[in-house]
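A.B. asks: 3D, please:
(6 chains)
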Protein chains: 4
Amino acid sequence: MNFDSRKPRADLRDHLRETVRTSILDAAEELIAANGLHEVALAQIARRAGVAVGTLYNYFADRDAMIIELFERRRESLRPLMAAARTNGKALAFEPRLRLLMRDLLGALESHRRFVKVAVETEYHKRSPSTTAKDLQAAFEEVVAVGVDEGVIARATAPLLTMLLAGAIKAVIMRRIADGGDFVADADPIVSLMLDGARA
Amino acid sequence: MNFDSRKPRADLRDHLRETVRTSILDAAEELIAANGLHEVALAQIARRAGVAVGTLYNYFADRDAMIIELFERRRESLRPLMAAARTNGKALAFEPRLRLLMRDLLGALESHRRFVKVAVETEYHKRSPSTTAKDLQAAFEEVVAVGVDEGVIARATAPLLTMLLAGAIKAVIMRRIADGGDFVADADPIVSLMLDGARA
Amino acid sequence: MNFDSRKPRADLRDHLRETVRTSILDAAEELIAANGLHEVALAQIARRAGVAVGTLYNYFADRDAMIIELFERRRESLRPLMAAARTNGKALAFEPRLRLLMRDLLGALESHRRFVKVAVETEYHKRSPSTTAKDLQAAFEEVVAVGVDEGVIARATAPLLTMLLAGAIKAVIMRRIADGGDFVADADPIVSLMLDGARA
Amino acid sequence: MNFDSRKPRADLRDHLRETVRTSILDAAEELIAANGLHEVALAQIARRAGVAVGTLYNYFADRDAMIIELFERRRESLRPLMAAARTNGKALAFEPRLRLLMRDLLGALESHRRFVKVAVETEYHKRSPSTTAKDLQAAFEEVVAVGVDEGVIARATAPLLTMLLAGAIKAVIMRRIADGGDFVADADPIVSLMLDGARA
DNA sequence: TATGAATGAGTTTTCATTCAT
DNA sequence: AATGAATGAAAACTCATTCAT
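C.D. replies: A predicted model of the protein is given here:
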C-alpha cells in the first residue's frame, strides 16, 4: 500500500504548473508575434492565458525573465530539430546533403513559425546575437566544408556561399511569413541556384 | 529705407528651423541605432539634440510623427542614390548592369549605415513593409527582367533570383554592420556566385 | 477494545499544533529581528518555519494577529521574570533593592535579546505603547517610591529618577545589542551613578 | 541693458523647483511622522504636497531616494545647531558647559520635533546608525572629557556617563513626543541628577 | 518659439489573503 | 489541517504629452 500521498501529488502539481507555465508562454508568444515585443502588456498576456496578473509572477521573476524563458524554450525546442537536420545527411555526398539540410532546416523553422517571426523581429535588439542564427550559420559551414573537401566548392568561395545560404534562409522566412506561404517549397530551387547559378 | 525685415528674416528663420529639425532627427537616429526604437525616450533625444522636450513638439506632432519623418527623410535621401543606381547601367547588357547595380546599391546603403541598421532592425515592427526594401526588390526585378529578355536568365528562375539578390544584400548589410567591414567589397563575388553558381 | 483514540490523539494533536505555532512565531521573530517588521513577507516566514503560507492562516487570523501574538507571547514569557525581579528584593532596603532590580531586569531582558531588539525597534509603530516599556516604568516607580518612603530620594526627584532609570535600561540594551556585549555588567555602575552622581 | 534673459529665469526656476522640492519633503515628513514610514504611499505624499505622483519622480529618483534626502536635509539643518551647542560653552568650565550643552541640544532637537520623531522611530531599520545619534554621543564625549581633565569626573566613569547622558536625551525625547511636553525643561534637573546623584 | 516642470494614464511589481485539492 | 497556486487590490514607477512662463 502506498501511504505516501505526497509524491504523486507533487507530480500532479508539477504537471499542472507546467501546463500553466506553457499557457502563459504561448499567450505571450502569440501576442508578441501579433503586436510586437513592446506593445504587449502583462495584463494582456495574463488575460489571454486565462490567469490573473499576479500569477505571472508566480512563474517568472519579472517581465524580462518571462520573455527570456520564452526564447530559451523555443530554442530548446528548435535545437534538436536543427541538430537532426545536421545529422540526417551525414552519410550523403555534398550536394544531396546540402539539399537535405536546406529542406530540413526550413522544415524545422516552419514548425516554429510564430517564434521565428518573433525571433527575426527582435534579433537586433538583443545584446547577444541569436543562438538560432548562429546555429544556422554553423550548419551551413559544416556542409560547405564537405563540399570543399569533395572538391565541389572552391575553398575561397566557401565563406561567401555560407553567408548566402544563411541569408537565403532568412529571405525565405521573411517573405513567407509576410505572404503566408510555406518555407520548404523554396529549398531545392535555392540550392540549385546557389550551386549552378541562375544563368540559363 | 527698408524696414521690412520679414522676408530675409524668414529665410533665416526657416534655415534655423531646419537646422534644429535636423539635429533632432540625427539625435534620434543615433540613439535608436544604439539602443533600439523602444528603448529611447524623448527626453534622451531632446538632451542629445540640445533642445528641451517641449521643443520636439514644435517640430513634430508626436513621437510617432518624429520617427516617421526620420524614416522618410532617410529614404528621401537614399532614393536618388538608388534611382541613380538603377539608371546608371541602363545602357549596359544584363550582366555588367547587374554587377554595377549591386555595387551601386551597396555603396548607397553604405553611405547611410546608421539608418540602414535602424531600418533593418525595425523592418518588422512597421505596419507597412519598408519602402527601401521594396525599392531594392524593384531595382533587382528590373534588371533581372533584362536578363530574361536577353535569354540569360530563365523566366522561371527570375523571381527566385530577385529574392536571393535582395536577400544577399541584407545578409551583407547585417554581417558588415556587425563586424564593421564595408559593404561594397562583396558586390562582385555575390553576383558571380549567383550567376554561375558556387560549383568549382 | 479501545477504538476511541480521540482523547489521547487530541492531546497529541494539541501538542503538535503548539509546536508548529511556536516554530512560526520563532521564524517570524528571527526574520523581523534581522530585517525589520515591514521587510518580512509571510512567504519568508512560512519558508523559514517549514510550513506552507496557507498554514499560517490555520494558526493566525492574519498577519497582524500573528505579530500581535508574537509580542504577547514574548511579553507573557518576560512578565514572570519581571514580576520576579520586582518581588525578589521586597524585603530589602531601597538601595540594595534597586541594585537587585536593575540586575534582574537586565538579566530578564538579556534572556529575550531577540525580542527585545524587535520590541525596541517597533516601539513607536504601535498604536499602543509597549507593555514591556510600561512594566519597566512601573517596576522602577515602585522601588523609587520605597526610596522616597525611606527618605533616600526626595519626592520631587522621583519621577525624573524613574524616567532616567528606564532610559538607562534602553540605552544599555541598544548599545549592547549593537556591539554584542552583555546587559547585566552595566547594572551596578548605573545605579551607583544614578544615586551618587558622576562627580569624582 | 540686460539682454540675457536666461540667467534670471534660471534663478527663478531654481527657486520654484526648490519650493516644490521642499513641499514634497515636508509632506512626506508630516505623513511619515503621523503614520509611519511604510504606511505612507507616494500618492498620499503627492496629494498632500499638491502635486501629481509623476512630479515626485521629477525630483527624486525613487521612493528611497526621497526618504534619504528627507533625512539628509533634516540632518543638515540640525547639524549647525548641534555644532553651535558644542561651541557655545567652549569657554566655560565643565559643569556649566554641560548644562548649557544639554539645554542647547534639547532645544535643537525640539526645533525639529517632527523629524526627531521619525528619526527615532526608524533608527533601527537603517543599515547605518543614525548620524544624529552619533553627533549626540560625540558632543557629550567632548564635554565629559573636559570634566575628566578638570578632575570633576573620574576617568573610569566617563564612558558610562556619556552613554547615560545620551540615553537621557532619548528618554526625554520619547516621553515628550508622547505626551506633548517640551524638551528643554528637563535639561537642568537631568544634569544635576547625573552629577550629584538622586540621593536626597 | 523655447523651455522644462507638471501631468496622469498606463505598466510593472508586490504580497496578504483565499481556496481548491 | 496542510499545501501552495491563484488572486487582485494597492503600490511603485515610466514617459509621452501638455502647458505656463
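A.B. asks: residue A:30 reaches residue A:114, doesn't it?
C.D. replies: Yes - using C-beta atoms under 8 Å, residue A:30 is in contact with residue A:114, at 6.8 Å. All C-beta atoms are positioned from the backbone trio N, CA, C, and that covers glycine.
A.B. asks: contact residues of chain A facing DNA strand F?
C.D. replies: For chain A, the residues in contact with DNA strand F (C-beta under 7 Å from any atom of the strand) are A:13, A:16-17, A:20, A:51-55, A:57-59.
A.B. asks: give me the subset of those residues lying in helices.
C.D. replies: A:13, A:16-17, A:20, A:53-55, A:57-59 (DSSP state H).
A.B. asks: go through stretch A:67-74 and flag the buried ones.
C.D. replies: Neighbour-count burial for stretch A:67-74 flags A:67, A:69-71, A:74 (criterion: 16 or more other C-beta atoms under 10 Å in any protein chain shown).
A.B. asks: same question, stretch A:95-112
C.D. replies: Neighbour count says stretch A:95-112 has A:95, A:97-109, A:112 buried, by 16+ other C-beta under 10 Å.
A.B. asks: and the buried residues of stretch A:67-74 as a markdown table, adding secondary structure and distance to residue A:36?
C.D. replies: Shown next, in a markdown table, are these (DSSP: H, G, I helix; E, B strand; the rest coil; distance: C-beta to C-beta, whole Å):
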| residue | secondary structure | distance to residue A:36 |
| --- | --- | --- |
| A:67 | helix | 12 |
| A:69 | helix | 19 |
| A:70 | helix | 14 |
| A:71 | helix | 15 |
| A:74 | helix | 17 |
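A.B. asks: wait, which of those residues is closest to chain C?
C.D. replies: residue A:69 (21.4 Å; C-beta to the nearest C-beta).
A.B. asks: so what's that closest one closest to, chain neighbours aside?
C.D. replies: residue A:60 (6.4 Å; C-beta to C-beta, 6 or more residues apart in numbering or on different chains).
A.B. asks: so how many other residues sit close to that neighbour?
C.D. replies: Using other C-beta atoms under 10 Å in any protein chain shown, residue A:60 is surrounded by 20 other residues.
A.B. asks: pretty sure it contacts residue A:70?
C.D. replies: No - between residue A:60 and residue A:70 there is no contact under C-beta under 8 Å: 9.3 Å.
A.B. asks: report how many residues lie close to the residue of chain A found nearest DNA strand F.
C.D. replies: Here the residue of chain A nearest DNA strand F is residue A:54; by C-beta to the nearest atom of the strand that distance is 1.5 Å. Around residue A:54 there are 8 other residues, counting by other C-beta under 10 Å.
A.B. asks: and if you look at residue A:93?
C.D. replies: Neighbour tally, residue A:93, other C-beta under 10 Å: 12.
A.B. asks: same question, residue A:149
C.D. replies: 11.
A.B. asks: before we move on, what about residue A:39?
C.D. replies: Residue A:39: 12 neighbours (other C-beta under 10 Å).
A.B. asks: re earlier: now the residue of chain A closest to DNA strand F: how far from residue A:42?
C.D. replies: 10 Å (C-beta to C-beta, to the nearest Å).
A.B. asks: re earlier: so which of the residues of chain A next to DNA strand F is surrounded by the most neighbours?
C.D. replies: Ranked by neighbours (other C-beta under 10 Å), these are led by residue A:59, which has 19 neighbours.
A.B. asks: that one contacts residue A:20, correct?
C.D. replies: Yes - assessed by C-beta under 8 Å, residue A:59 is found in contact with residue A:20 at 6.9 Å.
A.B. asks: where does pLDDT dip in chain A?
C.D. replies: For chain A, the stretches flagged by pLDDT under 70 are A:1-9, A:124-129.
A.B. asks: what are the ranges of the helices in it?
C.D. replies: Under DSSP H, chain A gives helices at A:6-35, A:42-49, A:53-59, A:63-88, A:94-110, A:113-122, A:131-150, A:158-179, A:187-196.
A.B. asks: show me the contacts for residue A:181.
C.D. replies: By C-beta atoms under 8 Å, 6 or more residues apart in numbering or on different chains, the contact list for residue A:181 reads residue A:175.
A.B. asks: could you check how many residues crowd around the closest residue to chain D within chain A?
C.D. replies: Nearest residue of chain A to chain D (C-beta to the nearest C-beta) works out as residue A:62 at 16.3 Å. Residue A:62 is flanked by 11 other residues according to other C-beta under 10 Å.
A.B. asks: what parts of chain A come near chain B?
C.D. replies: A:36-38, A:117, A:120-121, A:123-125, A:129, A:147, A:151-154, A:157, A:160-161, A:163-164, A:166-168, A:170-172, A:175, A:178, A:186, A:189-190, A:193-200 (C-beta under 8 Å from any C-beta of the partner chain).
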